[in-house]
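>>> My questions are about this predicted structure, shown below with the sequence.
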Amino acid sequence: MGDVDVRVVIHRYAYHTDPDCPALNGKPEPYGGRETMAEEKAEEQGLKACKQCER
């Protein structure tokens, strides 16, 4: 497990292993950017792996 990217928003449910994932970058709603964290920390926060990301 390594570092992953997450969107900085009020409601988030997934972490992204692909920094170019359209689900990470292509959402129209406002957000505060992205945050990088360890995959373990993302899972501890209840986030699941994005199904669109290419590993």
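It's in.
>>> lowest average confidence, helix or strand, in the protein?
Ranked by mean pLDDT, DSSP states H and E, the weakest helix or strand in the chain is helix 22-25, scoring a mean of 82.
>>> Flag every buried residue along that helix.
Residues residue 24 are the ones in helix 22-25 that count as buried (16 or more other C-beta atoms under 10 Å). All C-beta atoms are positioned from the backbone trio N, CA, C, and that covers glycine.
>>> Show me what it is packed against.
On a contact count with 3 or more C-beta pairs under 8 Å, 6 or more residues apart in numbering; DSSP states H and E, helix 22-25 meets no helix or strand.
>>> what's the offset of that helix from the middle of its chain?
Relative to the mean C-alpha coordinate of its chain, helix 22-25 is positioned 8 Å out (C-alpha atoms, centre = their mean, to the nearest Å).
>>> ok, the next helix or strand after that helix: who's next to it in the sheet?
Using DSSP states H and E, the helix or strand that follows helix 22-25 towards the C-terminus is strand 34-38. Applying DSSP bridges, strand 34-38 is found paired with strand 3-7 (antiparallel).
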